[in-house]
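Asks: Sequence and predicted structure, then a few things I'm wondering about:
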Amino acid sequence: MINRLIANTLPLLPERFVWLFSRSYIAGESVDAAMAACRSLNSHGIKTTIDILGEFIRSLDEARTNRDEYLALIETAQGAGIDGSYSVKPTMFGLLIDTEVCYAHIRDIVAKAADYDNFIRIDMEDSGCVDPEIDLFRRLKSEFPKNVGLVLQAYLRRTKSDLDSLMDLHTPDVPLNFRLCKGIYAEPRRIAFQRHEEINSHFLEDLEFMLQKGIYPGIATHDRALVDGALKLIESYQVPRDRYEFQMLYGVTPELRGSIVDAGHTMRVYVPYGRHWFGYSTRRLKENPKIVSSIVKSLLLNR
C-alpha cells in the first residue's frame, strides 16, 4: 500500500524529485546517454532496442519532428556500432490524427533501418489502437518482410485470434517476429483478463502457439514464473537458441536478466530515453508499484 501511495503521488511532485526515482530505468534525456547505456549492455553480451519517449501527440508537426529524431537516432546508433534495433509507438507519429501520415513517417523509419539490415518494432498501445496498429504492421511487413515486427499483449482477450489472423504473413524463410508481453494499459474486464494467474496462463498459451508455428518470439517478462514456463516450452519443442530471445526493460530485475544471459539465452533490453521521460516514469511506477521499493533501497544505499 505504501508503494502504491508513493507511485500515485509522484506525478504531483517536481520533476527533479521524480527523476531520483526514474533514473535507474531510463537511459537519460539525450541520444548520447542512450548510446552509453547501449554500449554498456552490449559489453555484457546483451542486445538492445532503443525507444525515444513520447506518445499521443497533438499535432502533425510533432509527428514530423519525431520522425526526424528517429532517422537521426538510427544514423547515430549504426555509426556507433550498437548491437540493437529500434522501437516506435505509432501514436507518436500521428496514428490518432491521420493514419496515412503516421504510415508514411514510420515507413521512412523502417526504410532507414532496412538500409542497415536492421529492424523496427511497432509497439502496441491501448486497445483502441490495436486494429490500426495491426493494419500498419501488415502494410509495412509486405514491403519490408525482414525489417519489421509487432508487439502483442497477452492480457487482451483478442490476442490469440490476432495471432491466428496474422499467420498469412508467416513463412519459414521469413518468420513473423512478435514481442509478447503481459500488457500495461488499464483495460475493462470485457477486453482484458484481470487476474495475475489468468494473464500468465494466456501468456504461456500464446508463447506455445508461437513456438509451435515457428514464429520468432521476444519473450518480454520480468516474472520468474513466466521465464521458467518459457524455458520449459523451449526445451519441450527443442527450439534452437537463434529462434527466440528474452526481453526486459532497462534497469528492471537485473539479477534475473543476468541469470538468463549466463545460461546462454539471447537477451534484449528496451532502452528508453528522451525529454518526455516524466510521463513514462510516472506511468511505469503506477503500473508496477513494487518498483518503488527497489528504487528507494537503491537511493538509500547510494547516498
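Replies: Noted; the coordinates are in hand. Numbering: from 1, shown residues only.

Asks: make it CA atoms for all contacts and neighbour counts henceforth
Replies: Will do.

Asks: Show me where the protein has its strands.
Replies: Counting by DSSP state E, the chain has strands at residues 47-52, 84-88, 120-122, 148-153, 177-181, 216-220, 245-249, 267-273.

Asks: could I get those strands as a markdown table with distance to residue 102 and mean pLDDT?
Replies: Output for the strands of the chain, formatted as a markdown table (distance: least, C-alpha to C-alpha, whole Å; pLDDT from 0 to 100):
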| stretch | distance to residue 102 | mean pLDDT |
| --- | --- | --- |
| strand 47-52 | 16 | 98 |
| strand 84-88 | 11 | 98 |
| strand 120-122 | 12 | 98 |
| strand 148-153 | 15 | 98 |
| strand 177-181 | 21 | 98 |
| strand 216-220 | 25 | 98 |
| strand 245-249 | 26 | 97 |
| strand 267-273 | 21 | 97 |
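
Asks: can you tell me which of the ones you listed comes nearest to residue 31?
Replies: strand 267-273 (7.3 Å; C-alpha to C-alpha).

Asks: Can you give the distance of the closest one from its chain's centre?
Replies: Relative to the centre of its chain, strand 267-273 is centred 8 Å away, using C-alpha atoms, centre = their mean, to the nearest Å.

Asks: now the chain, which segments are flagged as low pLDDT?
Replies: Scanning the chain for pLDDT under 70 picks out the ranges 1-22, 279-303.

Asks: how about residue 35, what does it touch?
Replies: Listed by C-alpha atoms under 8 Å, 6 or more residues apart in numbering, the contact partners of residue 35 are 77, 80, 82.

Asks: follow-up on the earlier one: so which of the strands of the chain comes closest to residue 206?
Replies: Across the strands of the chain, closest to residue 206 is strand 177-181 (C-alpha to C-alpha), at 8.1 Å.

Asks: Neighbouring strands - and their directions - for that closest one?
Replies: According to DSSP bridges, strand 177-181 forms sheet pairs with strand 148-153 (parallel), strand 216-220 (parallel).

Asks: can you list the residues that contact that strand?
Replies: Residues contacting strand 177-181 (C-alpha under 8 Å, 6+ apart): 148-154, 203, 207, 215-221.

Asks: now do 7 Å
Replies: Here strand 177-181 makes contact (C-alpha atoms under 7 Å, 6 or more residues apart in numbering) with 149-154, 215-221.

Asks: Using TSV, please lay out the strands of the chain together with mean neighbour count.
Replies: What follows is these, written out as TSV (neighbours: other C-alpha atoms under 10 Å):
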stretch	mean neighbour count
strand 47-52	24
strand 84-88	24
strand 120-122	24
strand 148-153	26
strand 177-181	23
strand 216-220	24
strand 245-249	21
strand 267-273	25
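
Asks: Export those strands as JSON lines, with columns for distance to residue 69.
Replies: Below are these laid out as JSON lines (distance: least, C-alpha to C-alpha, whole Å):
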{"stretch": "strand 47-52", "distance to residue 69": "8"}
{"stretch": "strand 84-88", "distance to residue 69": "12"}
{"stretch": "strand 120-122", "distance to residue 69": "14"}
{"stretch": "strand 148-153", "distance to residue 69": "19"}
{"stretch": "strand 177-181", "distance to residue 69": "24"}
{"stretch": "strand 216-220", "distance to residue 69": "25"}
{"stretch": "strand 245-249", "distance to residue 69": "22"}
{"stretch": "strand 267-273", "distance to residue 69": "12"}
